[in-house]
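Q: Show me how the following folds:
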Amino acid sequence: MALAEKILRLKKEKKAIILAHNYQRPEVQDIADYVGDSIELSGKAMEEKEAEIIVFAAVDFMAESAAILNSDKKVLLPSAGARCPMAQMLTVDEIKRWRVLYPLVPLVLYVNTLASAKAYCDVCCTSANAVEVINALDAETVLFGPDHNLAEYVQEKTGKTIIPIPERGFCPTHLLFQPEEVQVLKADFQDAVVMVHPECTAEMRKIADFIGSTSQMCRYARENNAETFIVATEEGLLHRLKRDNPSKRFVLAYEGAICPNMKLNTLERIYMALKEERHVVTVPEPIASKARKALEKMFEITR
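A: Have a look, this model is predicted:
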């Protein structure tokens, strides 16, 4: 029996669902019940009332959010080493330091943070709703972490003063994209539409035809009449884009844009995690309750 078939059989026996982030390996996306961005997937898990186990093929902070929002389910992270480098950049000590400097300024944290950090913020946001969340706040100055590029983008779109914490937090994968590579590709695909994730640099955002999250890119590609798209985000998204739009061409803006942490989740690790119910994600309740409020506040604003 093929490994994928074993996983699907085991999933049924254990009343589990498999969630896969858009950046996962193609074979992982193909066996998942749902493929999407982190909050989309946590929301899907909340809708699955019969499920007892969530296998979350992603990185640490995403599985933590799923555990926080689905306290009645067991959440498994197939690879215990699948950690987000950007999430590690913002520590609780750093948050406390900035809170002392700006005691009256609201703190908004990107969902790409650990639960321990979320517990100290006023509200969370995603790359898809960051502008909406910031605009909803009755404040002209906002502390925002941990992605400096997303903070800069939000400031451009809202006109508010966005103070990034830490000052230079970033996604190592999105930092790889540079305008020169896109210019070379545009010479080969002159009518191509350029889609750029807001975690990319300002220079990349300036040459974009569209700036958006992975879920927004999927929707834009589906609704746009262009035949070719140059995509500036982690290469895993191209599998979904090609699957959903078989008649269109998708070209990665930089061939080396691969997140090694996302790729740690393999079919073998998913099978073993499900079989042995190992790598259970737990968040201490005092932290979980505070982080849950920040996530729920986001849902209230963007609902």
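Q: So the nearest residue to Leu175 once chain neighbours are set aside versus Gln183, what's the distance?
A: In space, and not counting its chain neighbours, Leu175 is closest to Thr201: 6.9 Å by Cβ to Cβ, 6 or more residues apart in numbering. Every residue, glycine included, has its C-beta placed from N, CA and C. Distance from Thr201 to Gln183, counting by Cβ to Cβ, to the nearest Å: 15 Å.
Q: Look at those two and report which has more neighbours.
A: Neighbour totals were compared for Thr201 and Gln183, and Thr201 leads with 19 against 10 (other Cβ atoms under 10 Å).
Q: which stretches of the chain have low pLDDT?
A: 1 (pLDDT under 70).
Q: tell me the domain boundaries of it?
A: Following the assignment in automatic domain parsing, the chain carries domains at 3-81+262-283, 86-170, 174-252.
Q: where do the helices sit along the stretch 51-200 of the chain?
A: Using DSSP state H, counting those that start in this stretch, the helices of the stretch 51-200 of the chain run over 60-69, 85-88, 92-101, 115-118, 130-136, 148-158, 179-188.
Q: which outside residues touch the longest one?
A: Okay, so that is helix 148-158. 110, 127, 130-131, 134-135, 144-145, 160-164, 166-171, 174, 198-202, 205, 211 (Cβ atoms under 8 Å, 6 or more residues apart in numbering).
Q: From these, keep the buried residues only.
A: Buried members of these, counted by 16 or more other Cβ atoms under 10 Å: 110, 127, 130-131, 134, 144-145, 160, 162-164, 166, 169-171, 174, 198-201, 205, 211.
Q: thinking again about what came up before, now the helices of the stretch 51-200 of the chain in JSON lines, with distance to Ala32?
A: Compiled in JSON lines, the helices of the stretch 51-200 of the chain are given as follows (distance: least, Cβ to Cβ, whole Å):
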{"stretch": "helix 60-69", "distance to Ala32": "13"}
{"stretch": "helix 85-88", "distance to Ala32": "22"}
{"stretch": "helix 92-101", "distance to Ala32": "32"}
{"stretch": "helix 115-118", "distance to Ala32": "23"}
{"stretch": "helix 130-136", "distance to Ala32": "26"}
{"stretch": "helix 148-158", "distance to Ala32": "26"}
{"stretch": "helix 179-188", "distance to Ala32": "30"}
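Q: Compare those and give me the one nearest Ala16.
A: helix 60-69 (12.6 Å; Cβ to Cβ).
Q: So which elements touch that closest one?
A: When contacts are defined as 3 or more Cβ pairs under 8 Å, 6 or more residues apart in numbering; DSSP states H and E, helix 60-69 packs onto helix 38-47, strand 53-57, strand 74-76, helix 115-118, helix 285-302.
Q: what's the angle from it to strand 53-57?
A: 160 degrees (axes from the mean of the first three to the mean of the last three Cα atoms, to 10 degrees).
Q: what angle do helix 60-69 and helix 38-47 make?
A: Going by the same axes, to 10 degrees, helix 60-69 makes 30 degrees with helix 38-47.
Q: just to revisit the earlier point, could I get the domains of the chain as TSV with distance to Arg292?
A: Listed next are those as TSV, based on distance: least, Cβ to Cβ, whole Å:
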stretch	distance to Arg292
domain 3-81+262-283	5
domain 86-170	9
domain 174-252	22
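Q: among these, which is nearest Ile301?
A: That would be domain 86-170 among the domains of the chain, by Cβ to Cβ, at 4.7 Å.
Q: circling back to that earlier point, which of the helices and strands packed on helix 60-69 sits most buried?
A: Mean neighbour counts were taken over these using mean count of other Cβ atoms under 10 Å, and the top value, a mean of 28, falls to strand 53-57.
Q: ok now that one, how far from the chain's centre?
A: Remark: strand 53-57 is offset 15 Å from the chain centroid, using Cα atoms, centre = their mean, to the nearest Å.
Q: mind starting the numbering at 16 from now?
A: All right, first residue 16 from here; so that's strand 68-72.
Q: which residue sits closest to Pro179 in space, ignoring its chain neighbours?
A: Here the nearest residue to Pro179 in space, its sequence neighbours aside, is Ala166; by Cβ to Cβ, 6+ apart that works out to 4.0 Å.
Q: actually Val138, not the one I typed
A: Lys312 (4.2 Å).
Q: ok, back up a step: with respect to Leu256, which of the helices and strands packed on helix 75-84 lies nearest?
A: Comparing the helices and strands packed on helix 75-84 by Cβ to Cβ, helix 53-62 comes nearest, at 15.6 Å.
Q: Once you drop chain neighbours, what's closest to His36?
A: Closest to His36 by Cβ to Cβ, 6+ apart is Ala73, at 4.1 Å.
Q: how many other residues sit next to the one you found?
A: Counted with other Cβ under 10 Å, Ala73 comes out at 28.
Q: for Asp108, same thing?
A: 7.
Q: Val120 now?
A: 19.
Q: Please consider this matter closed, and thank you.
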